[in-house]
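In: Any chance you could fold what I've pasted below:
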Amino acid sequence: MTTVKGKSIKLASATIGFRTQKDKLVITDKDTYIKWCDDNKVAGYVVETRTIITPANEYYEKEGKVPDGVNVEKGFEKFYIK
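Out: Below you'll find the model as predicted:
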């Protein structure tokens, strides 16, 4: 027996469906992004040699704008089997 709820279908032995993936920010120009963080008084964006994307994600979610040195990879529907 199958039942349909939202974007998934429950089967006898599994559930299949689609999940919407969020937009993903990707640092494309590290120096420009670090300058943006400095200009906007963002703390904790560099740990050792790794640049942290969290401040960019928070800014994007709050303001709807993409920081300098960062691009957006648009979200998409992802098929899954559970």
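
In: Once you drop chain neighbours, what's closest to the spatially most central residue of the chain?
Out: Taking CA atoms, centre = their mean, the centroid of the chain lies closest to residue 24, which sits 3.1 Å from it. Of all residues not flanking residue 24 in the chain, residue 73 sits nearest, at 4.5 Å (CB to CB, 6 or more residues apart in numbering). To be clear about C-beta, it is placed using only N, CA and C from the backbone, and glycine gets the same treatment.

In: neighbours around that neighbour, how many?
Out: Residue 73 has 11 neighbours, counted by other CB atoms under 10 Å.

In: give the contact list for it.
Out: Each residue near residue 73 by CB atoms under 8 Å, 6 or more residues apart in numbering is listed here: 23, 24, 25, 26.

In: Secondary structure, distance to residue 82 and pLDDT added to these, as a markdown table?
Out: Listed next are the contacts of residue 73 as a markdown table, based on DSSP: H, G, I helix; E, B strand; the rest coil; distance: CB to CB, whole Å; pLDDT from 0 to 100:
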| residue | secondary structure | distance to residue 82 | pLDDT |
| --- | --- | --- | --- |
| 23 | coil | 24 | 87 |
| 24 | strand | 22 | 86 |
| 25 | strand | 27 | 88 |
| 26 | strand | 28 | 87 |
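
In: ok, which stretches of the protein are helices?
Out: Along the chain, counting by DSSP state H, helices occupy 30-39, 54-63.
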